[in-house]
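> Return atomic coordinates for the entry below.
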Amino acid sequence: MSYEPIKDVSEGVAKGTVEGFLSWGESHIERLISEFRDKSLAFIQEEQTIIRVKKQYKSGELSIYKEYIEDKEILLLLQLGLTLRSLEREGEEDRRKNLRTKIFNTYKIKGLHIAQFVENGILNRYVGILIDDTVSIKRFKEDIISVLSNIEKHVLFVQNKDGEREIIKQALTSVTSHKPMIFILSGISLAAKKVRDCEPRLKELLKDYDLEKISSDQKENLFFKRVFR
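Below you'll find the predicted structure:
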């Protein structure tokens with residue numbers, strides 16, 4: 001009994017498949033490869049924004065984070081945060097708001113807060129504070145992952161609708177419950193003023209913390225750093 005005909009058929013099918021693949025053309029193949037690589041960005045559904053996100057992948061800031069963070073989802077959220085900051089700087093407010101909505105719909109409030117942690121410039125300073133007190137690279141990596149994975153315990157993102165008493169109450173509750181080494185209040189635009197208004201009272205109440213600020217016209221970030229007196 002001979003199996004050669006079957007072999008010929010299988011070889012013919014394989015040859016036809018290869019020839020068909022090659023006939024698609026180089027540009028088509030490149031597009032398919034690109035789509036395969038970018039499937040994690042498909043939720044954005046807007047080509048120009050996807051291009052901006054991809055551009056951030058090679059940024060110096062993200063390159064530093066990649067040295068210490070291995071979690072792919074967290075790295076993507078940091079990349080999206082850099083994109084939000086880029087869109088803000090370029091005055092592309094509609095595209096920025098749309099991306100924020102897409103991040104919230106896909107990664108919920110925690111994912112949006114991780115992206116905002118980068119967008120607001122908080123992570124840069126947070127890393128700087130950790131470096132000042134670090135005892136080992138291992139501990140440094142653990143601390144970064146801890147704050148990003150449990151961001152609601154470390155940061156209060158103030159919204160325009162929040163009242164001063166509510167902000168102070170939330171901050172005190174979080175600090176009392178979790179006792180973070182660094183606690184941060186962050187506000188953008190109208191919310192930045194609300195953060196500033198709460199500063200004197202919080203400074204008075206959080207006696208075990210020293211205050212450091214990063215301020216601009218549109219942003220206010222208060223870093224309360226725990227000290228042992």
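> Going by C-alpha atoms from here, please, whenever you check contacts or count neighbours.
Fine.
> which stretches of the protein have low pLDDT?
1-38, 229 (pLDDT under 70).
> what ranges do the strands span in it?
155-157, 182-188, 209-215, 219-226 (DSSP state E).
> Compare those and report which one is nearest to Ala171.
strand 155-157 (6.8 Å; C-alpha to C-alpha).
> mind listing what the closest one pairs with, with the direction of each?
Partner strands for strand 155-157, per DSSP bridges, with pairing direction: strand 182-188 (parallel).
> Let's have the strands of the chain in TSV, adding distance to Leu84 and mean neighbour count.
What follows is the strands of the chain, written out as TSV (distance: least, C-alpha to C-alpha, whole Å; neighbours: other C-alpha atoms under 10 Å):
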stretch	distance to Leu84	mean neighbour count
strand 155-157	16	22
strand 182-188	13	23
strand 209-215	18	15
strand 219-226	14	21
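> Let's have those in JSON lines, adding distance to Ser40.
What follows is the strands of the chain, written out as JSON lines (distance: least, C-alpha to C-alpha, whole Å):
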{"stretch": "strand 155-157", "distance to Ser40": "26"}
{"stretch": "strand 182-188", "distance to Ser40": "28"}
{"stretch": "strand 209-215", "distance to Ser40": "33"}
{"stretch": "strand 219-226", "distance to Ser40": "30"}
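> Tell me which of those strands sits nearest to Ile137.
Among the strands of the chain, the nearest to Ile137 by C-alpha to C-alpha is strand 182-188 (18.6 Å).
> would you put the C-alpha positions of that closest one in CSV?
These are the backbone C-alpha positions of strand 182-188, laid out as CSV (Å, rounded to 0.1, in the frame of the first residue of the first chain):
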residue,chain,number,x,y,z
ILE,A,182,3.3,58.1,51.9
PHE,A,183,-0.2,59.4,51.4
ILE,A,184,-1.1,61.7,48.5
LEU,A,185,-3.9,64.1,47.6
SER,A,186,-4.1,65.0,43.9
GLY,A,187,-6.4,67.4,42.0
ILE,A,188,-6.5,68.8,38.5
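> For burial, what's the neighbour tally of Ser86?
17 (other C-alpha atoms under 10 Å).
> and it, what does it touch?
Contacts for Ser86 (C-alpha atoms under 8 Å, 6 or more residues apart in numbering) come out as none.
> what do you get for His178?
By C-alpha under 8 Å, 6+ apart, the contact list for His178 reads Lys153.
> what separates Cys61 from Val118, distance-wise?
Heads up, residue 61 is Glu, not Cys. 10 Å (C-alpha to C-alpha, to the nearest Å).
> So those two - more neighbours on which side?
Higher neighbour count among Glu61 and Val118: Val118, with 23 against 15, using other C-alpha under 10 Å.
> How about that one: what's its closest non-neighbour residue?
Gly81 (5.1 Å; C-alpha to C-alpha, 6 or more residues apart in numbering).
> What's the separation between Gly163 and Asp94?
Counting by C-alpha to C-alpha - Gly163 and Asp94 are separated by 26 Å.
> between those two, who's got more neighbours?
Neighbours were counted for Gly163 and for Asp94 using other C-alpha under 10 Å; Gly163 has more, 14 against 11.
> ok, for the more buried one, nearest residue in space, not its chain neighbours?
Lys194 (7.7 Å).
> who are the neighbours in contact with that neighbour?
By C-alpha under 8 Å, 6+ apart, the neighbours of Lys194 are Val158, Asn160, Gly163, Glu164, Gly187.
> quick check, nearest of these to Tyr57?
Ranked by distance to Tyr57 (C-alpha to C-alpha), these are led by Gly187 at 26.0 Å.
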